[in-house]
Structures are given as C-alpha cells and as structure tokens.
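> give me a 3D structure for the following:
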Amino acid sequence: MRIHFIAIGGSAMHNLALALSEQGDHVTGSDDEIFEPSRSRLDSAGLLPKSMGWDANCITSELDAVILGMHAREDNPELKRAKELDLPIYSYPEYLFERTKDKTRVVIAGSHGKTTITSMILHVLHYHDREEDYMVGAQLEGFKTMVSLTDEAEFAVLEGDEYLSSPIDRRPKFHLYHPNIALISGIAWDHINVFPTFEDYLDQFRIFLTTMERGGALVYNADDPAVKKLVEEDATEIKKFPYHKPDYRVENGQCILSTPFGDVPLQIIGEHNLLNLEGARWMCLEMGVQEDEFYEAIASFTGASKRLELLAQTDTTVVYKDFAHAPSKVKATVSAVKETYPDKKVVACLELHTFSSLNPDFLPSYAGAMDACDEALVYFNPKAVAHKKLPPLDEDIVAGAFGRSDIQVITDAAMVLDKLKSEKADETIYLLMSSGNFDGNSLEDWASQLTQG
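Sure, this is the predicted structure:
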C-alpha cells in the first residue's frame, strides 16, 4: 500500500510509519518540525521528509491511505487536498483498527498504568516467543518499535489512550478499537482542556465499555472506587473480572511477590506497579498464557521507559526518573519510592508541564500528592504557562495546592539542580518526575552530578 502521514514526526506517528515501512508498505510523510529521537529514526529508515513544511503536491490519487496526526491543523493544505481527491483519511487509532479488525483486540485503558501494563503483557509474550501485533506508549527493551502490525498475529495488544484521535475526529482514541478483551486500570480526572469536569471524563470510560465486542471480557481494578462503581453500573453484555492488589512484601529495596508457586523476586517497585502486574496477569490468562508461565516471565521485567527508570546509583545515592504528571500518578510514584526506601531521605521534584497541571482550576487536585516524600520540590516555567495561553501562575498558589507548608516552588530551571544538591543527605533517593524534560536539561547529566561526591 502507498500511505502518506500528515505530521509524521510524532512519537506514535513515526513509530507506525516505521512499522508499516518494515512490513513493505510504501510510506511517505511530512511535518513542520521533527525532534529527536523521531528525526534520526525516520532518517535511518529513509522516511525523513526532504524539507520541513506542508506541500499539497505530496497528496496524489495514487495514495491508498492518508494518516492524520494530532499535530496537524484542520486547515492543513495536505489534508484539504486529500479531501478534494476523496482519499481514505484515517486518524492513528482508526488505522490501527483497520489493520487489526480481523484479530482479537486486547486494549489496556485507564488514567494511569496503561503503558506499564501493556509493556508487562508484551514482555511476557515476548519471553515465551509469542509474536503479536501491538502498540505501546514507550520504547521497550527487545522491541524495535512501539508499533508492530503483521498479517500472521492472532492478537493485537493496544494501549488505549483517552485523548482525542485527530484534529477532525474529536473522539477519544480508545473509543475506536472495539476490544474483544479490555482492562481499566484506574480513573482519575485528566485532560482538563478536553474534559472540563470529572463527569465528562468519566463518560469517556462509560462509552468505552459500550464499544466492546459483545461477549468480550473486561478486567478491571476493583481497588479503584471510580472503576468499581462504573463497571458495576454498566449493563453491556460482557464478562467482567475484578482484580486486586496481590500479596507482596519489600525486603532490602526489592518487592517479593507471593504466588501459588512460591516467592517471585521482582525488578519493579511500588504498590501501584503490583496492581499493574495483577492486571497484566489477568490479561495474559485471557490470551492463553498459563499462570506459572506469567510469573516466570514477569520476574525479569525491568519496567517501561521513563516509568520509575533508574538513572544512576551509588552506595548512598539513587536517582530515578518517572513520567508521572497527573496527581494520581505523582502520588503513586512518590509513595512507591518511599515504601521501597523507608529509612532513607526521599527528595521528589515534579515539573508541571501539561495543560492540566498548569491550570489554576486543576491544581487543587494535587493536594497530598507529594506527602510521602521527605522533601518536595515543584518546578514550572512561566513561559510555558503563557505559551499554553493560561493565566499567570503565582508561586504561592502552586505551593498551597500541594498542601505542604515546606514545599519549594522553583521557576528557573537553572536553579533546580542546585536545589536538589542542597537537599542531599548521607543516604538520599532522588525522584525526578515530568512528562517533559525540565526545559531541555539532561536528566542523565543531573543524575551523574547528584551521585558524585
């Protein structure tokens, strides 16, 4: 097939482009800006556009499909030309469904944990030499791309994001996959720019259940009150399987999982990750993986990229980074680190980076999110606030939202590292949380400096 990507440089879009090219499709694409690592990866595959910008001449009647990314605008000249030629135009999730509609679709949804759970499932399948189609929101060890589509695979394992599909399709992505097997990991209000109230946000999960194939199986986190209530009130003709936090203990900084086959030492930490693991176990069982096979494989799972990722470690200092940005994710991550290192000083630093996190109306949702750490720092860039056309943020308002009188709020990225260094004790665990990168700073370099001396 001849496929053109409008806005090929996005994280999900360029991975899909690479996957389709590797399968033999003729892929082209355009974008007005492409950053690393997308740029280098597209260049290596011969898919990097020769120049940046949009060109309607790229769109011809010879194309079999046009895939439209969220980065493009509704008035994009290439999109206009595709409409004039009456070409098939797909959003990213629409195209994934088109390519997997004859397979058993396994969709992992939820406000938090979906990337980790999807990664766990794929790790277990890969460990047992099962090759299935997939789409996941992080680069995984042992996998070339974040997307794989084949003709042979029986299952398609898809991370189900609740954000919008494209500039011309305002439906959440996970409404378009029509799963045979699905999971909901948790529900905590997010994406305030699209879903202005919690009820609006909750409605998206109600609709998600109605999109499931009749007779399908839903696995859900019954420890989450919002999820439990939603599923129990749902009348969709599907099978429902609740899961709960499994039995485990922490010994010398390591989680030990209790199973019918004996203790299983894990390479992940935190109660939320044990919940994620249990959800993944149920999903793997639905896909035909035996329980003992799951435990054998999950013991070697080290985590998804940017999810409690270990950056540096010495005898006295450990530095983690995590993608946490929404309140529930921040709270779970901070609690996980403190639970693992109860006798050490935990210094947590959060960058407010997303539209929701920088919105004064949403900030009170962070109350208590960083209570578990010994020292709490919050960074935001006033320029980012202005760029998102939000009202200016006052440092005192930010501090008050978290409910800690000792929280330190920083608005200059150059000062963050110095502040972190000033909190160092004999034994310190650092946790750096952001969906960005602290204004282009290398967190690996920060970790190296924090572990020196």
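> quick check: domain ranges of the protein?
2-87, 95-298, 309-450 (automatic domain parsing).
> mean neighbour count and mean pLDDT added to those domains, as JSON lines?
Any C-beta I mention is one placed from the backbone N, CA and C, and that applies to glycine too. JSON lines is the format used below for the domains of the chain (neighbours: other CB atoms under 10 Å; pLDDT from 0 to 100):
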{"stretch": "domain 2-87", "mean neighbour count": "18", "mean pLDDT": "96"}
{"stretch": "domain 95-298", "mean neighbour count": "19", "mean pLDDT": "95"}
{"stretch": "domain 309-450", "mean neighbour count": "18", "mean pLDDT": "93"}
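> quick one: the strands in the stretch 201-350 of the chain, in order.
Assigned by DSSP state E, counting those that start in this stretch, the stretch 201-350 of the chain shows strands spanning 217-221, 239-243, 248-251, 254-259, 262-265, 309-313, 317-322, 345-351.
> distance to residue 93 for these - can I get that in JSON lines?
Shown next, in JSON lines, are the strands of the stretch 201-350 of the chain (distance: least, CB to CB, whole Å):
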{"stretch": "strand 217-221", "distance to residue 93": "19"}
{"stretch": "strand 239-243", "distance to residue 93": "24"}
{"stretch": "strand 248-251", "distance to residue 93": "35"}
{"stretch": "strand 254-259", "distance to residue 93": "33"}
{"stretch": "strand 262-265", "distance to residue 93": "35"}
{"stretch": "strand 309-313", "distance to residue 93": "27"}
{"stretch": "strand 317-322", "distance to residue 93": "26"}
{"stretch": "strand 345-351", "distance to residue 93": "28"}
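> and residue 370, which of these is closest to it?
strand 345-351 (5.7 Å; CB to CB).
> ok, the closest one: who's next to it in the sheet?
When sheet partners are counted by DSSP bridges, strand 345-351 sits next to strand 375-379 (parallel), strand 428-433 (parallel).
> of all these, which lies closest to residue 160?
Nearest of those (CB to CB): strand 428-433, 23.1 Å.
> now residue 437, nearest residue through space, not along the chain?
residue 443 (6.7 Å; CB to CB, 6 or more residues apart in numbering).
> now swap in residue 263 and tell me
residue 256 (5.1 Å).
> surely the one you found meets residue 250?
Yes - assessed by CB atoms under 8 Å, residue 256 is found in contact with residue 250 at 7.4 Å.
> where do the strands sit along the stretch 1-150 of the chain?
Under DSSP E, counting those that start in this stretch, the stretch 1-150 of the chain gives strands at 2-6, 26-30, 65-68, 89-91, 104-109, 133-135, 147-148.
> closest to residue 421 out of those?
The nearest among the strands of the stretch 1-150 of the chain, by CB to CB, is strand 104-109 at 38.5 Å.
> tilt between that closest one and strand 217-221?
For strand 104-109 against strand 217-221, the angle by axes from the mean of the first three to the mean of the last three CA atoms, to 10 degrees is 20 degrees.
> give the other helices and strands that strand 104-109 contacts.
In terms of contacts (3 or more CB pairs under 8 Å, 6 or more residues apart in numbering; DSSP states H and E), strand 104-109 is packed against helix 114-127, strand 155-160, strand 181-184, helix 271-286.
> any chance of those in JSON lines with distance to residue 225 as columns?
As requested, those are exported to JSON lines (distance: least, CB to CB, whole Å):
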{"stretch": "helix 114-127", "distance to residue 225": "19"}
{"stretch": "strand 155-160", "distance to residue 225": "21"}
{"stretch": "strand 181-184", "distance to residue 225": "13"}
{"stretch": "helix 271-286", "distance to residue 225": "14"}
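> ok, which of those comes nearest residue 104?
Closest to residue 104 of the helices and strands packed on strand 104-109 is strand 155-160 (CB to CB; 4.9 Å).
> how far out from the middle of the chain is the helix or strand just after that closest one?
Sequence order places strand 164-166 as the next helix or strand after strand 155-160, per DSSP states H and E. Counting by CA atoms, centre = their mean, to the nearest Å, strand 164-166 is centred 16 Å from the centre of its parent chain.
> likewise stretch 426-441?
On CA atoms, centre = their mean, the centre of stretch 426-441 falls 18 Å from the chain's centre.
> can you give me the end-to-end span of that stretch?
26 Å (CA to CA, to the nearest Å).
> hmm, residue 402 is touching residue 370, no?
Yes - between residue 402 and residue 370 there is a contact under CB under 8 Å: 5.7 Å.
> thinking again about what came up before, list the contacts of the residue nearest to residue 437.
311, 321, 432, 437 (CB atoms under 8 Å, 6 or more residues apart in numbering).
> circling back to that earlier point, look up how far residue 309 lies from the residue nearest to residue 263.
Taking CB to CB, to the nearest Å as the measure, residue 256 falls 21 Å from residue 309.
> swap in residue 446?
Distance from residue 446 to residue 309, by CB to CB: 13 Å.
> again with residue 119
12 Å.
> between the two, what contacts are shared?
Contacts common to residue 119 and residue 309, judged by CB under 8 Å, 6+ apart, are residue 303.
> hmm, back to that, which one of the strands of the stretch 201-350 of the chain lies closest to residue 108?
Once the strands of the stretch 201-350 of the chain are compared by CB to CB, strand 217-221 is nearest, at 9.1 Å.
> pull the contacting residues for the nearest residue to residue 436 once chain neighbours are set aside.
What sits nearest to residue 436 in space, not counting adjacent residues and going by CB to CB, 6+ apart, is residue 353, at 3.9 Å. Counting by CB under 8 Å, 6+ apart, residue 353 makes contact with 325, 380, 384, 434, 435, 436.
> is it true that residue 353 lies in a strand?
No - counting by DSSP: H, G, I helix; E, B strand; the rest coil, residue 353 is not part of a strand but coil.
> which residues does the spatially most central residue of the chain contact?
Nearest to the geometric centre of the chain sits residue 115, at 4.6 Å (CA atoms, centre = their mean). Shown in contact with residue 115 (CB under 8 Å, 6+ apart): 136, 137, 138, 159, 304, 307, 323.
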